[in-house]
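Novice: Predicted coordinates and the sequence they were generated for:
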Amino acid sequence: TPPERIRNFCIIAHIDHGKSTLADRMLQETGVVDQRHARAQYLDRMDIERERGITIKSQAVRMPWAVQGEAGDSTYILNMIDTPGHVDFTYEVSRSLAAGEGAVLLVDAAQGIEAQTLANLYLAMENDLTIIPVLNKIDLPAAQPEKYAEELAGLIGCDPAEVLQVSGKTGVGVPALLDTIVELVPQPVGDPDAPARAMIFDSVYDTYRGVVTYVRVVDGELSPRERITMMSTRATHELLEIGVISPEPVPSKGLGVGEVGYLITGVKDVRQSKVGDTVTGERNQAAQALGGYKEPRPMVFSGLYPIDGSDYPILRDALDRLKLNDAALVYEPETSAALGFGFRVGFLGMLHLEIVRERLEREFDLDLISTLPNVEYDVVLDDGSTFEVTNPSEFPSGRVASITEPIVRATILAPSEFIGAIMELCQNRRGTLRGMDYLSPERVEMRYTLPLAEIVFDFFDALKSRTRGYASLDYEPDGSQEADLVKVDILLQGDTVDAFSAIVHRDKAYAYGVQMATKLKELIPRQQFEVPVQAAIGSRVIARETIRAIRKDVLAKCYGGDISRKRKLLEKQKEGKKRMKMVGSVEVPQEAFIAALSQD
Ligand code: GTP
């Protein structure tokens with residue numbers, strides 16, 4: 001297809017604003033799937049995606065669309081590039097945006113724009129995409145198209161009348177939207193005679209085919225059977241298959257300038273075909289890769305341990321399997337005196353962590369304990385030695401010269417009545433207000449710099465509860481800064497429990513210590529002797545609770561009493577022992593670890 005007949009676009013939308021429904025409707029309108037066979041939500045493939053209602057992996061679908069012109073009908077090829085819908089995957093979003101020239105900014109006509117949409121809109125603007133503002137769900141009785149058209153128009157600087165109104169559900173306005181895409185989105189530009197350059201915007205592991213890589217060709221052409229080179233690693237592969245998705249994969253004779261499709265090389269690991277990388281021909285190599293390539297970087301770390309220690313090999317194999325489809329997942333073996341053998345796993349963010357954990361438990365039938373998630377700290381000691389700490393229990397000993405923590409740039413959108421509540425929350429979380437804008441008299445956008453560590457746990461929940469669910473949040477990494485952080489240890493009878501160590505701000509060390517000591521006092525059963533539970537910074541104890549000893553006469557009652565009852569008690573004790581972990585001489589039930597590490 002010649003570039004002048006190609007339009008590449010993506011849809012930017014907040015979760016639940018109806019992106020999948022609209023995408024499905026477009027597939028029907030263009031005849032790519034017929035009404036009868038339309039499977040619900042074609043673009044959301046994975047089970048977890050469907051259940052959680054989020055789109056994790058982006059894909060691309062090719063749709064023909066005939067536009068009536070003066071010289072009769074002309075058929076255009078529309079490539080719809082799906083973008084992932086969550087903050088953890090900002091880099092993938094940026095690459096799928098970079099694969100096209102236009103973006104449909106889709107906003108629920110009953111909700112208005114949300115922080116995530118706004119953040120992605122800014123990304124699209126940075127990529128110089130043509131923005132098509134669209135209000136969705138106009139069939140809803142609660143829709144307020146005039147109000148939100150005004151808001152959208154103000155945001156992108158157009159006339160409210162230019163904001164399209166559609167319903168993905170009923171199909172109203174969808175053909176007009178397709179026409180508008182053809183009319184307004186610029187055609188792709190590239191040099192057909194230059195050495196091939198294609199940008200990878202997604203890479204998915206398929207059990208049967210190996211890795212399926214989604215690309216947008218910028219220059220030249222890629223053809224089946226030729227050898228290609230991945231420019232970031234210089235690795236070469238044979239192009240076993242190349243084609244387009246419409247809506248199933250269809251092999252083609254090649255992809256040229258501006259085309260979007262998939263390729264298969266037989267590699268088995270998405271790490272060999274990385275998002276953002278440039279594909280070129282092996283023989284006729286491009287001199288320069290396309291810009292914007294970044295290595296995925298884990299931001300949040302947590303220890304994952306099987307509850308049943310004998311599951312360790314299963315956990316290891318499961319992680320190896322997940323890694324094939326997840327270039328951002330990193331892990332290394334780790335041992336904890338308290339929890340046994342496990343892994344320290346790095347994630348892009350909390351959602352990524354939850355998804356991985358859920359898949360491990362569901363697909364591999366594992367029961368896991370995860371330690372409190374933490375970020376990565378750069379620690380410099382007085383003697384000049386430096387450490388990258390991803391596990392608090394590995395915090396170096398010695399006098400600390402400085403500690404640096406990652407920070408994020410956060411965007412919060414909320415009704416203006418909640419400004420005070422939001423400011424208070426962000427202040428508590430060591431945030432700095434960077435700016436504030438009214439999108440309309442009653443809606444405000446607030447921009448903050450916040451330490452990542454302060455938002456990984458429960459920030460979003462706290463924000464939601466303070467704003468009765470009305471606020472939305474988006475954030476992206478923004479470098480790092482020095483902070484007054486300390487490591488707090490939790491000790492049972494003088495022994496540190498490594499799984500409970502945490503790195504926290506000095507002002508919050510006491511609260512963390514008291515909270516953990518109180519929790520553990522409740523969770524750990526009484527022993528034959530008194531057990532002090534302490535929280536300490538170095539050798540300085542900052543909080544203390546005591547688990548009192550069992551009173552002797554409780555056991556005494558059994559002696560000489562009902563023999564079977566005594567046996568039962570002993571049996572029960574033995575049962576219980578199996579689920580106990582020894583910390584020094586203190587028996588701690590497995591459940592106590594799980595409960596103490598749970599985040600509520
Ligand atoms: P993610 O995949 O999680 O990003 O969600 P999404 O934006 O793709 O939303 P989805 O298409 O799954 O729609 C979310 C909800 O809104 C579903 O319950 C849809 O049935 C409903 N919905 C989508 N489009 C419309 C519409 O035009 N009108 C009405 N009334 N409901 C809609």
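Specialist: Thanks, I have the structure now.

Novice: Every contact and neighbour count from this point should use C-alpha atoms.
Specialist: Will do.

Novice: G261 and G243 touch, don't they?
Specialist: Yes: checked against C-alpha atoms under 8 Å, the pair G261 and G243 is within contact range at 5.5 Å.

Novice: Settle it for me: which of those two has more neighbours?
Specialist: Neighbour totals were compared for G261 and G243, and G261 leads with 27 against 21 (other C-alpha atoms under 10 Å).

Novice: mind listing what that one touches?
Specialist: The neighbourhood of G261, defined by C-alpha atoms under 8 Å, 6 or more residues apart in numbering, consists of 60, 214-216, 242-245, 255.

Novice: Name the helix or strand for it, please.
Specialist: Here G261 is covered by strand 260-264, with elements defined by DSSP states H and E.

Novice: Does anything pack onto the host helix or strand of V134? Which helices or strands?
Specialist: Per DSSP H and E: V134 is located in strand 130-136. Contacting strand 130-136 under the criterion 3 or more C-alpha pairs under 8 Å, 6 or more residues apart in numbering; DSSP states H and E are the following elements: strand 102-108, helix 145-156, strand 164-165.

Novice: Highest mean neighbour count out of those?
Specialist: strand 102-108 (a mean of 27; mean count of other C-alpha atoms under 10 Å).

Novice: packing partners for the following helix or strand past it?
Specialist: Stepping forward along the backbone from strand 102-108, the first helix or strand reached (DSSP H and E) is helix 115-126. Helix 115-126 sits against strand 6-13, helix 90-98, strand 102-108, strand 400-415, strand 472-482, with contacts defined as 3+ C-alpha pairs under 8 Å, 6+ apart.

Novice: that older thread, turn the helices and strands packed on strand 130-136 into CSV, columns for distance to L425.
Specialist: Putting the helices and strands packed on strand 130-136 into CSV (distance: least, C-alpha to C-alpha, whole Å) gives the following:
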stretch, distance to L425
strand 102-108, 27
helix 145-156, 26
strand 164-165, 36
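
Novice: low-scoring stretches of the stretch 1-150 of the chain, by residue?
Specialist: Within the stretch 1-150 of the chain, the set of residues satisfying pLDDT under 70 comprises 35-58, 85-87.

Novice: run the last query once more with 50
Specialist: Counting by pLDDT under 50, the stretch 1-150 of the chain shows low-confidence ranges at 41, 44, 49-50, 52-58.

Novice: Which among the helices and strands packed on strand 130-136 is found nearest to P186?
Specialist: strand 102-108 (7.3 Å; C-alpha to C-alpha).

Novice: so, in contact with the ligand or not, the closest one?
Specialist: No: under the criterion of C-alpha under 6 Å from any ligand atom, strand 102-108 makes no contact with the ligand; the nearest approach is 8.2 Å.

Novice: ok, and what's touching that strand?
Specialist: The contact list for strand 102-108, computed with C-alpha under 8 Å, 6+ apart, reads 7-14, 17-19, 97, 113, 117, 121, 124, 129-138, 143, 181, 185-186.

Novice: rerun that using 7 Å as the cut-off
Specialist: Applying C-alpha atoms under 7 Å, 6 or more residues apart in numbering, the set of residues contacting strand 102-108 from outside is 8-13, 17, 113, 129-137, 185.

Novice: Test my guess that V486 contacts R506.
Specialist: Yes: under the criterion of C-alpha atoms under 7 Å, V486 is in contact with R506, at a separation of 5.7 Å.

Novice: Among these two, which residue is more densely surrounded?
Specialist: V486 (20 against 15).

Novice: What confidence value was assigned to that one?
Specialist: For V486, the pLDDT comes out at 93.

Novice: now G309
Specialist: Note on G309: pLDDT of 86.

Novice: Check Q527 too.
Specialist: Q527 carries a pLDDT value of 85.

Novice: Which helix or which strand is home to the closest residue to A198 other than its chain neighbours?
Specialist: With sequence-adjacent residues excluded and distances taken as C-alpha to C-alpha, 6 or more residues apart in numbering, A198 is closest to V217, at 4.0 Å. With the criterion set as DSSP H and E, the secondary-structure element containing V217 is strand 210-219.

Novice: Given that strand, what are its sheet partners and their directions?
Specialist: Paired neighbours of strand 210-219 in the sheet (DSSP bridges): strand 197-206 (antiparallel), strand 260-264 (antiparallel).

Novice: could the ones you listed go into TSV alongside mean pLDDT?
Specialist: Formatted as TSV, the strands paired with strand 210-219 follow (pLDDT from 0 to 100):
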stretch	mean pLDDT
strand 197-206	89
strand 260-264	93
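
Novice: To the ligand, which of these lies closest?
Specialist: Of all those, it is strand 197-206 that lies closest to the ligand, at 16.9 Å by C-alpha to the nearest ligand atom.
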